[in-house]
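Fold the stuff below for me.
(one chain, ligands or ions: 1)
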Amino acid sequence: MKKKIAVIAGDGIGPEIVGEAVRVLKKVAKKFGHTFVLDEKLVGGAAYDAVGDCLPDDTLKACQQADAVLLGAVGGPKWDKLPGPQRPEKRALLTLRKELGLFANLRPAKVWDPLKSASPLKPEIVGEGLDLLVVRELTGGVYFGEHSRAADGQSALDKMPYSVMEIERIARVAFESARKRHSHVTCVDKANVLETSRLWREVVQRVHDADYATVDLDFMYVDNAAMQLVRAPSRFDVILTENMFGDILSDEASQITGSIGMLPSASLRADGFGMYEPIHGSAPDIAGLGIANPLATILSAAMMLRHTFGLTQEADAVEAAVGQVLAAGDRTVDIATADAAALSTHDMGTAVVEAL
Ligand code: NAD
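Numbers count the residues shown, from 1 in each chain. You can find the predicted model right below:
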């Protein structure tokens, strides 16, 4: 198989962690006989410094022309004073999502067996493990609605629009994902207050009854869901929710796994095209030290192989290699125990490449 991947490493630890994921992709290509053409481009603050724009035209074009995008992270204190629309997070991330039509954000949150003790939750709550998937709507709702400030500066307004089409297509992603997991979707909303949430309930129920009646479906208010995630996280399989609730809940879900450096994500379009990135940011506090955990980015590359390229065996192999290095006790500093020496970013990448 021949595929073109736009590689946009970004800022902070971005180039360090993406470098390791690229090594893993090259090993996969060699081992399984594929060709991955890598098109490396600038994004975020790095692009701003080079050409005065956090998302240069040739970067956007490369992403549009690729079969998939691998992103590190963008942003950092150096660019925090840029006006809102020019900032890396807004100009690069939100524009990429919108321009590429990436409406579905998949964030698996899983506690790897050898890392169970890293969860801040009590062992009796983590129980047999924690393995859930947040399916978050990514191009609608309040983040993309109209934002305005009254002329006198005394009030502000953020609109939260949703259409039936937007809800229906993300609901289908959640139900399809649940079919491949434990067949249970929890739709999280605030239907006791918000009209958009009441529309979500109607549409999600209708899609369920028409096409996914064998999948279990329940509804939960977002405040309760935030509580249940720390009280009884194993009750969840797939959490389906709108943009802002998903942003918040998926960060909470990631934290209960205890390791932000372990969690991948996929942002998908209806045709399977996707942008893949770790859920963490550019970690300016450790950038350049060579100690960042590259596993979230490596696991994001595995998601790319699975979801966009349909390379199940290859994705399984990468995930198994990660499981193997963790079982062998390899740790970067964020997941290390006090008594063990931590590997560098590059050595962790090497361990995964060798395990492959
Ligand atoms: P962050 O995720 O970058 O860092 C939070 C903490 O986790 C830091 O202590 C960091 O050292 C640690 N950490 C993160 N990734 C790690 C890894 N792979 N290995 C080891 N430790 C890791 O969040 P932040 O500090 O709030 O944000 C820093 C910058 O990143 C900000 O400019 C923010 O806007 C941006 N950001 C970008 C994205 C993105 O590009 N998708 C997402 C979140 C934040």
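
Up against the ligand, what does this protein have?
13, 17, 73-76, 89, 93, 260-261, 277, 280-286, 292-293, 296, 334 (Cβ under 6 Å from any ligand atom). No exception for glycine: its C-beta is placed from N, CA and C like everyone else's.

Just the ones of those residues in strands?
73, 277 (DSSP state E).

Type out the ChimeraX command that picks the buried ones from the residues of the chain next to the ligand.
Only the buried entries of the residues of the chain next to the ligand go into this ChimeraX selection, using 16 or more other Cβ atoms under 10 Å:
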select :13,17,73,74,75,76,89,93,260,261,277,280,281,282,283,284,286,292,293,296,334
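
Out of the residues of the chain next to the ligand, which sit inside helices?
Counting by DSSP state H, the residues of the chain next to the ligand place 17, 296 in helices.

how about the helices of the protein, start to end?
14-32, 45-51, 57-65, 95-99, 123-126, 164-179, 195-211, 222-231, 243-256, 295-303, 312-327, 345-355.

Report the buried residues of the shortest one.
Residues of helix 123-126 classed as buried: residue 126 (neighbour count, 16+ other Cβ under 10 Å).

can you give me the offset of stretch 109-125 from its chain's centre?
20 Å (Cα atoms, centre = their mean, to the nearest Å).

ok and the residue in the stretch 1-150 of the chain nearest the ligand?
Residue of the stretch 1-150 of the chain nearest the ligand, by Cβ to the nearest ligand atom: residue 75 (2.8 Å).

so how far is the ligand from the residue of the chain most remote from its centre?
Within the chain, the residue lying farthest from the chain centre (Cα atoms, centre = their mean) is residue 152, at 38.9 Å. Per Cβ to the nearest ligand atom, to the nearest Å, residue 152 is found 31 Å from the ligand.

go on, residue 290?
11 Å.

Just give the nearest non-adjacent residue to the residue of the stretch 1-150 of the chain closest to the ligand, would you?
Of all residues not flanking residue 75 in the chain, residue 88 sits nearest, at 4.4 Å (Cβ to Cβ, 6 or more residues apart in numbering).

Find the residue closest to residue 260 in space, skipping its chain neighbours.
Leaving out its chain neighbours, the residue that sits closest to residue 260 by Cβ to Cβ, 6+ apart is residue 280, at 4.6 Å.

pretty sure that neighbour is in contact with residue 73, am I right?
Yes. Proximity of residue 280 to residue 73 meets the contact threshold set by Cβ atoms under 8 Å, at 6.7 Å.

Single out the residue in the stretch 151-300 of the chain that lies closest to the ligand.
Nearest to the ligand, among the residues of the stretch 151-300 of the chain, is residue 281, at 2.4 Å (Cβ to the nearest ligand atom).

which residues touch the closest residue to that residue other than its chain neighbours?
The shortest distance from residue 281 to any non-neighbouring residue, by Cβ to Cβ, 6+ apart, is to residue 73 (5.0 Å). With contacts defined as Cβ atoms under 8 Å, 6 or more residues apart in numbering, residue 73 is in contact with 10, 11, 12, 13, 14, 44, 277, 278, 280, 281, 282, 283.

Count the residues that sit near residue 307.
20 (other Cβ atoms under 10 Å).

Tell me the pLDDT of it.
On the pLDDT scale, residue 307 is placed at 92.

Can you tell me how far it is from the ligand?
Applying Cβ to the nearest ligand atom, the value for residue 307 to the ligand is 18 Å.

From what I see, that residue and residue 104 are in contact.
No. Between residue 307 and residue 104 there is no contact under Cβ under 8 Å: 9.8 Å.

Can you work out which residues contact both of these two?
By Cβ under 8 Å, 6+ apart, residue 307 and residue 104 have these common neighbours: 266, 268.

before we move on, the earlier item: what's the residue nearest to residue 260 in contact with, if anything?
Residue 280 touches 73, 260, 261, 263, 296, counting by Cβ under 8 Å, 6+ apart.

Max pairwise distance over those residues: which two?
By the measure Cβ to Cβ, 73 and 263 form the most distant pair in the contacts of residue 280, at 12.6 Å.

and for those two, which residues touch both?
Contacts common to residue 73 and residue 263, judged by Cβ under 8 Å, 6+ apart, are 278, 280.
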